[in-house]
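Chemist: Fold the following for me, if possible:
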Amino acid sequence: MPQPARRQSGDKEKDDRPWWLKALCTLLIFFVFVEVRYYMKHGTVILPPQIMSQVETAFNLDSKDVKLVKNGTLQMEPGVVIGKAFDNYFEDGEWTSFKSTDNRRIVEFNGSCTWKNKAAKCTIQFIVKNDSEFQVGAVAINGKELNTYDGIGVVDTVLTDK
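Modeler: The predicted model follows:
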């Protein structure tokens with residue numbers, strides 16, 4: 001049986017990719033590098049918010065607004081850091097931020113939990129008032145928005161669960 005051919009030590013492999021593809025890849029890498037540097041320095045990005053939200057999720061980056069909420073507390077439990085409480089309560093949590101249709105800054109949390117003894121998906125939105133204040137917005141279980149009283153009850157349960 002013949003042995004596989006081997007390249008001689010001095011031979012170089014020819015790159016058959018078109019020049020424009022190489023240039024496009026180089027530009028893309030450069031743009032990502034510039035975007036990350038800008039984000040790290042300014043806490044915001046050049047990209048449109050819809051695209052940036054997807055980039056933040058894909059690379060597990062937290063926006064300025066997400067950091068504000070995760071590191072913050074609520075008056076109902078002033079000694080409890082929201083991010084830590086949510087990490088302890090939910091099996092899998094995902095934080096995103098976006099601007100609503102009425103131009104409000106929203107931080108949204110989605111995670112799995114148990115609701116009425118059944119597996120459920122919980123969505124909790126926070127409304128960012130300014131760079132240092134936020135409040136609880138909508139709370140939904142399995143896509144159904146809860147009334148204000150039940151929503152606050154869910155948030156309180158998450159914050160006080162040990």
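Chemist: which residues of this structure fall in helices?
Modeler: 19-42, 49-58, 64-70, 82-89, 148-160 (DSSP state H).
Chemist: Return the distance of the shortest one from the chain's centre.
Modeler: It refers to helix 64-70. 10 Å (CA atoms, centre = their mean, to the nearest Å).
Chemist: Name the helix or strand of this structure that has the lowest mean pLDDT.
Modeler: Least confident helix or strand, the chain: helix 49-58 with a mean of 57, by mean pLDDT, DSSP states H and E.
Chemist: picking up where we left off before, so which of the helices of the chain is nearest S112?
Modeler: Evaluated over these, closeness to S112 peaks at helix 82-89, with 10.2 Å, by CB to CB. Using the backbone N, CA and C atoms, a C-beta is placed for each residue, glycine as well.
Chemist: So, low pLDDT: which residues of the protein?
Modeler: 1-15, 39-62, 162 (pLDDT under 70).
Chemist: give me the number of residues near V136?
Modeler: The tally of other residues near V136 (other CB atoms under 10 Å) stands at 19.
Chemist: residues in contact with it?
Modeler: Contacts here follow CB atoms under 8 Å, 6 or more residues apart in numbering; on that basis V136 touches L74, I124, Q125, F126, I127, G151, I152, V155.
Chemist: between these, which is nearest V139?
Modeler: Looking across these and measuring by CB to CB, the closest to V139 is G151, at 3.2 Å.
Chemist: Pipe the helices of the chain into JSON lines and attach distance to N117 per row.
Modeler: JSON lines is the format used below for the helices of the chain (distance: least, CB to CB, whole Å):
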{"stretch": "helix 19-42", "distance to N117": "42"}
{"stretch": "helix 49-58", "distance to N117": "30"}
{"stretch": "helix 64-70", "distance to N117": "29"}
{"stretch": "helix 82-89", "distance to N117": "16"}
{"stretch": "helix 148-160", "distance to N117": "14"}
